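S.K.: Here's my sequence, what's the structure:
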Amino acid sequence: MPITKNALIRLKYLDRLLSDRHHFYDRRTLWEKVNEMLNDAGFKQVTRRCIETDIIDLMDAPFNAPIEKYNKNGRECLRYERGFSIFKEELSWQERNLLSELLSTIGQFDGLDNFEWLDKFKVGLEIEDRKQVISFSNNPYLRNSNLLGTLFDMISNEVVIRLSYHSFTDATIRSIDFHPYLLKQYNERWFLLGAADSDKKILTFPLDRIDEVKALPEKKYAECTEDLAERFEDIVGVTLYEGRPIEHILCWVSDTSKGYVETKPIHGSYTVLKGDSELKLRNDYPQLEGGMFFTLDCIPNYELIRELCSYGKELLVLEPSSIQDEIYKRICEMNEKYSQLRT
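M.R.: Alright, predicted model coming up:
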């Protein structure tokens, strides 16, 4: 169960209702009551399906709530076994420290300005603020970081949205009806992944290219049918060119930079060549002294080329020629620009 803005609040309300031995709640009534509580507290209401999922999550680990079903006036009602509550047990000091750090970590991202519920939740559990022990890289000057909280809500509550956006090269504003699935950070920028309403094709939008977000609650939300984590297995960054094959890329990196490549591989497929494979390459490329040879197996994209170029003369692409040519072209263009400046 993902911990989202409304999830903890909904569980708290459901816990209160299911612990009540004086009233009778069927599934529809539970949904209506939770929405009343959310509305009174200033939070967005949710679908009945969302509450059904919450009930299932309560019955699963780690809560393992003993929810019993019984008949009342022809209705199937739900409640806890007597005396149970997921918020009743005392937290140990280790659990309090861990939960406090978790809440602080969630709340440190700029743009989550509607996460005031974190403070309310800490007060409710009597959790004190602690010094920060983990910090994520964050760009406070990133355009549209304030959209993070809004899009987080839309994804959590499965709401279709209408995106107005423009590209890097064209200021023309376009619109698309969109099913949002995932917020992903790469290189201190945020990206929104989801499916186009028209053909359900997976698309990626940088947040700094989005001009407006409008909720479309009347449209039925289509759940993601693929594992988005797998989408990033064969690429560096977030740009996936559909239909492009995986390339076997051979590189050499100097002694100066090989430590950086070893401790922070460019891609998960990173493999150092040793033994006979290395000896053959030493013979094929006698001009490359020291360093090490390694391979990558991934789909070439903009982010990969930029990452390979970032090492300058310390990293050379030996194969395939298509990637080598692309990098050589960039070097030539850069050299030309600098030559013009220095004349």
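S.K.: which residues of this structure fall in strands?
M.R.: For the chain, the strands defined by DSSP state E occupy 67-72, 75-80, 161-165, 174-186, 189-196, 202-206, 210-215, 247-253, 271-272, 292-298, 315-319.
S.K.: Comparing the ones you listed, which yields the minimum mean pLDDT?
M.R.: Ranked by mean pLDDT, the strands of the chain end with strand 67-72 at the bottom, a mean of 88.
S.K.: List the neighbouring strands of it plus their orientation.
M.R.: strand 75-80 (antiparallel) (DSSP bridges).
S.K.: Excluding its own residues, what touches the partner strand? List them.
M.R.: Residues outside strand 75-80 that contact it (CB atoms under 8 Å, 6 or more residues apart in numbering): 18-21, 24-27, 30, 55, 65-71. C-betas here are computed from N, CA, C, even on glycine.
S.K.: again, but for stretch 243-254
M.R.: For stretch 243-254, contacts defined as CB under 8 Å, 6+ apart pick out 234, 261, 281, 285, 288, 290-301, 308, 311, 313-320, 322-323.
S.K.: Same check on stretch 199-208?
M.R.: Identification of contacts with stretch 199-208 by CB under 8 Å, 6+ apart yields 142-145, 147-148, 151, 163, 165, 176, 178-179, 189-196, 222, 225-226, 228, 231, 238-240.
S.K.: which residues does the closest residue to R209 other than its chain neighbours contact?
M.R.: Once flanking residues are discounted, R209 sits nearest to Y165: 5.2 Å by CB to CB, 6 or more residues apart in numbering. The contact partners of Y165, by CB under 8 Å, 6+ apart, come to I173, R174, S175, I176, F205, R209, I210, D211.
S.K.: What residues are bridge-paired with L316?
M.R.: Beta-bridge pairing of L316 under DSSP bridges involves W252.
S.K.: Could you check how far it is from S85?
M.R.: 63 Å (CB to CB, to the nearest Å).
S.K.: Who has more neighbours out of those two?
M.R.: More neighbours surround L316 than the other of L316 and S85, with 18 against 12 (other CB atoms under 10 Å).
S.K.: What's the separation between that one and K219?
M.R.: Computed as CB to CB, the L316 to K219 distance reads 51 Å.
S.K.: again, but for L11
M.R.: 27 Å.
S.K.: Show me which of these two is the more surrounded one.
M.R.: Set side by side, L11 and K219 show more neighbours around L11, with 21 against 15, by other CB under 10 Å.
S.K.: from the contacts of stretch 199-208, which would you call buried?
M.R.: In those, burial by neighbour count holds for 142, 144-145, 147-148, 151, 163, 165, 178-179, 189-195, 231, 238, 240, counting by 16 or more other CB atoms under 10 Å.
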